[in-house]
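A.B. asks: sequence below, structure please.
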Amino acid sequence: MAELFASGHIIDLIIVASLAEGLLLWSLRRGGGRGPGLRELGPTLASGLFLLLALRATSAGLPWIWTALALTLALLAHLLDLTRRWQRR
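C.D. replies: Below you'll find the predicted structure:
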């Protein structure tokens, strides 16, 4: 277990779990109309995934530009999420 954390592969597992969660919620919505759709969930999931990718890029020692790109995309997804939530009120 310590190696999983030390190598950074725990981040990969969290990314896979997040994608699986998105697919599960999408299939529940599509199958029975229950739960939020991708329009509601997409930006939230995307911002979290981009933050995880930024963390992974840093832990893998990639050039700083990849971390900066992932953080910028996380910010844009977050702002989209906030804008959509704000408009619903």
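
A.B. asks: got any ranges where this protein has weak pLDDT?
C.D. replies: For the chain, applying pLDDT under 70 flags the ranges 89.

A.B. asks: let me see the ranges of the helices in it.
C.D. replies: 2-7, 9-32, 38-59, 64-87 (DSSP state H).

A.B. asks: elements contacting the second one?
C.D. replies: Okay, so that is helix 9-32. Using 3 or more Cβ pairs under 8 Å, 6 or more residues apart in numbering; DSSP states H and E as the contact test, the elements touching helix 9-32 are helix 2-7, helix 38-59. C-beta: built from backbone N, CA, C; applies to glycine.

A.B. asks: ranking the helices of the chain by burial, who's on top?
C.D. replies: Comparing the helices of the chain by mean neighbour count (mean count of other Cβ atoms under 10 Å), helix 38-59 comes out on top with a mean of 18.

A.B. asks: next, the angle from that helix to helix 64-87.
C.D. replies: 160 degrees (axes from the mean of the first three to the mean of the last three Cα atoms, to 10 degrees).

A.B. asks: so helix 38-59 versus helix 9-32, what angle?
C.D. replies: In terms of direction (the same axes, to 10 degrees), helix 38-59 departs from helix 9-32 by 170 degrees.

A.B. asks: check the offset of helix 38-59 from the chain's centre.
C.D. replies: With Cα atoms, centre = their mean, to the nearest Å as the basis, helix 38-59 stands 2 Å off its chain's centre.

A.B. asks: that helix - contacts with which helices or strands?
C.D. replies: Partner elements for helix 38-59 (3+ Cβ pairs under 8 Å, 6+ apart): helix 9-32, helix 64-87.

A.B. asks: can you list contacts of that helix?
C.D. replies: Contacting residues not belonging to helix 38-59 are listed as 8, 11-12, 14-15, 18-19, 21-22, 25-26, 29, 66-67, 70-71, 73-75, 77-78, 80-81, 84 [Cβ atoms under 8 Å, 6 or more residues apart in numbering].
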